[in-house]
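1. Sequence first, then the predicted structure, then my questions.
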Amino acid sequence: MSWEENTTQAIENLLIYASAKGLIETVDMPYFRNLLLDAFQLDAPAGDIVPMADVPQTATALLRTLCDLAVEKGLIEDMTYARDLFSARLMGLLTPSPKEVRAHFQQCVAQNHPEQATDDFYQMCRACDYIKVDAIAQNVRYFADTPAGRLEITINLSKPEKDPKEIAKLKNAPSVGYPKCMLCVENPGYHGRSNFPARQNHRMVPLSLAGQTWYLQYSPYAYYPEHCIVLNSQHVPMRISRGTFDRLFDFVQQFPHYMLGSNADLPIVGGSILNHDHFQGGRYHFPMDDAKVRCQLKSPVPGVSAELLDWPMSTIQLSGTDEQTLIAEASRILDAWRGYNDEACGIFAETDGTPHNTITPILRKEGEQYCLNLVLRNNRTSEEHPLGIFHPHAPLHHIKKENIGLIEVMGLFILPGRLKTELAALNGYLTGEKPMVRPAESDPCAKHYDWLTEVVARHGLVQTSAEAEAILRQEVALVCAQVLADAGVYKRDEAGLAGFQRFMKTLGYEA
């Protein structure tokens, strides 16, 4: 078959997929066929079409074929970024317009079906390849019991590795400054660049939260089911305030099947994006949700129950049915914590006018009951811990060095993709295939060697690769538990509990 015939067939397959997934109506196929022909600079279809026997679950393989054809014809470069840009362009032609998406979502909400509104929006984002379903499926994911509780560990493999040629090209790519960041409302429809993703197949829906316009979207590389982002319509920095709580409660009242939380608003203890105010949420039960109560408190506020959770990250759990009372109390706790010092626990509210104390808030609703977790954070540094006192300490950096954001706070760890190959290489040491000799500094295993010697001392050598993998997975989870312990401002010992209770007592809470 000629290139034209192969391309026509591949276009037809994508149209059949889009129709089956509800992205387009069958009656509109001629229109969308013409759009795709134009993308391939074809004046007309060529050859006979063979109907696709089975519609795939995702568009990934269909888009790969179309990108191969585009490369063959010289329409795009054979680079990952160019393929990604072209794929988004093609799917953008088939994705319902912002107006259609918005109208359907708002109609569902108006008919008191918020769950259907998010379900349909989520499924559309999966179907149009905005959510990278197949890439996400490559991630390593497992659960492990640790002193912190049962943690969920993921190794993030969903973002493709770039080859050296591509890295060199990206290094020389000009800085455009548009959109200002990945969360800005200017992203949907954007054609992308070598160093900025295409977003033609990206859609957001507007929400009214506490009288302001915010937008709901899904994360393209979702870390858990229905991982959504709720973002400010303006490009303004993260700021935890009473307004944060107003918006959290307004959202969860409108979409009670979703939890919602915010990263902290200070460096080190915040997430990777501090320059655009946003929340993250979704429909998921996190390890933190299974945490037991460490200490029940007598609340000074009628209608508000308060507990300290048995969780490495110092967490106050407020619950009640009256949202305004909870908002007021959360704001009072935030204000008190912002200015709180406890030298015995190494907590100082500021240094030379630089603030250190903040909160990571998380809200969910169960029936009529709201459950608000306030996780106390402090971003102070020291000579001993230059990256953060309440941050993963240096001996853990070979596994996790990045900020401990909202998702990790809740017990779901997102570890770098390099760990998959590095842990596979360490496997041989545990089975005795490799001698216990420190690797050269250039060897990726070198940074793990001190930890590895401790692992071998604890477990000894094992017979099979499967046994070694199980041990390494468990030991990685133990490192993650220690990461949370390092990041907790009040430790889970008697001194830590006493310090936590001292703070709560200043607010009128008695143990």
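-> Perfect, I can see it now. Numbering: from 1, shown residues only.
2. pLDDT-wise, which helix or strand of this structure ranks last?
-> Every helix and strand in the chain was compared by mean pLDDT, DSSP states H and E; the lowest is helix 164-171, with a mean of 69.
3. Following element in sequence after it, please.
-> Toward the C-terminal end, the helix or strand that comes next after helix 164-171 (DSSP states H and E) is strand 205-209.
4. just checking, what packs against the helix or strand following that next one?
-> Sequence-wise, the next helix or strand beyond strand 205-209 is strand 212-218, with elements assigned using DSSP H and E. Contact here means 3 or more Cβ pairs under 8 Å, 6 or more residues apart in numbering; DSSP states H and E; on that basis strand 212-218 packs against helix 114-127, strand 205-209, strand 228-232. C-beta: built from backbone N, CA, C; applies to glycine.
5. Send over the first one as CSV, restricted to the C-alpha atoms.
-> Taking only C-alpha atoms (Å, rounded to 0.1, in the frame of the first residue of the first chain), the coordinates of helix 114-127 have been written out as CSV:
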residue,chain,number,x,y,z
PRO,A,114,-22.4,16.3,40.2
GLU,A,115,-21.0,12.7,40.1
GLN,A,116,-22.1,12.3,36.5
ALA,A,117,-20.6,15.7,35.6
THR,A,118,-17.2,14.6,36.8
ASP,A,119,-17.5,11.1,35.5
ASP,A,120,-18.3,12.2,32.0
PHE,A,121,-15.6,14.9,32.0
TYR,A,122,-13.0,12.4,33.3
GLN,A,123,-13.9,9.8,30.7
MET,A,124,-13.7,12.4,27.9
CYS,A,125,-10.2,13.4,29.1
ARG,A,126,-9.1,9.8,29.0
ALA,A,127,-10.6,9.1,25.6
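6. tilt between that helix and strand 212-218?
-> On the basis of axes from the mean of the first three to the mean of the last three Cα atoms, to 10 degrees, helix 114-127 is oriented at 50 degrees to strand 212-218.
7. got the angle for helix 114-127 vs strand 205-209?
-> Regarding helix 114-127 and strand 205-209, their directions subtend 140 degrees when assessed with the same axes, to 10 degrees.
8. in helix 114-127, what counts as buried?
-> By 16 or more other Cβ atoms under 10 Å, the buried positions in helix 114-127 come out as 114, 117-118, 120-122, 124-127.
9. Check stretch 358-373 too.
-> 358-365, 370-373.
10. how far does it sit from the chain's center?
-> 19 Å (Cα atoms, centre = their mean, to the nearest Å).
11. avg pLDDT for it?
-> On average, the pLDDT along stretch 358-373 is 98.
12. ditto for stretch 139-159
-> Stretch 139-159 shows an average pLDDT of 95 in the prediction.
13. Tell me how far the most centrally placed residue in the chain lies from T154.
-> Within the chain, one residue has its C-alpha closest to the average C-alpha position: by Cα atoms, centre = their mean, that is Y223, at 4.9 Å. In this structure, Y223 and T154 are 7 Å apart, going by Cβ to Cβ, to the nearest Å.
14. shared neighbours of the two, which are they?
-> 412, 414 (Cβ atoms under 8 Å, 6 or more residues apart in numbering).
15. hmm, back to that, turn the buried residues of stretch 358-373 into a markdown table, columns for distance to S175.
-> Shown next, in a markdown table, are the buried residues of stretch 358-373 (distance: Cβ to Cβ, whole Å):
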| residue | distance to S175 |
| --- | --- |
| T358 | 30 |
| I359 | 34 |
| T360 | 31 |
| P361 | 34 |
| I362 | 35 |
| L363 | 37 |
| R364 | 39 |
| K365 | 42 |
| Y370 | 43 |
| C371 | 43 |
| L372 | 40 |
| N373 | 38 |
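16. and those residues, which two are the farthest apart?
-> Distance extremes for the buried residues of stretch 358-373: the farthest pair is T358 and K365 at 23.9 Å, using Cβ to Cβ.
17. So T154 sits against I136, correct?
-> No: when contacts are counted by Cβ atoms under 8 Å, T154 is not listed as touching I136 (9.7 Å).
18. neighbour-wise, which of those two wins?
-> Comparing T154 with I136 by neighbour count (other Cβ atoms under 10 Å), the higher total belongs to I136, at 21 against 18.
19. is it fair to say the more buried one lies in a helix?
-> Yes: note on I136: a helix contains this position according to DSSP: H, G, I helix; E, B strand; the rest coil.
20. residue contacts, the closest residue to it other than its chain neighbours?
-> If you skip the residues right next to it in sequence, I136 has S158 as its closest partner in space, 4.9 Å away by Cβ to Cβ, 6 or more residues apart in numbering. Contacts here follow Cβ under 8 Å, 6+ apart; on that basis S158 touches 132, 135-136, 138-139, 221.
21. The residue nearest to S87 when sequence neighbours are not counted: what secondary structure?
-> Excluding the flanking residues, the one nearest S87 by Cβ to Cβ, 6+ apart is L63, at 4.4 Å. Under three-state DSSP, the three-state class of L63 is helix.
22. quick one: L63 and M91, what's the gap?
-> Counting by Cβ to Cβ, the gap from L63 to M91 is 7 Å.
23. Could you tell me which residues touch both of these two?
-> With Cβ under 8 Å, 6+ apart as the test, L63 and M91 both reach D129.
24. Does the residue nearest to S87 touch D129 like I think?
-> Yes: if you go by Cβ under 8 Å, L63 and D129 touch, sitting 6.6 Å apart.
25. Name the residue in the two with the higher neighbour count.
-> Set side by side, L63 and D129 give different neighbour counts by other Cβ under 10 Å, the larger being at D129 (24 against 21).
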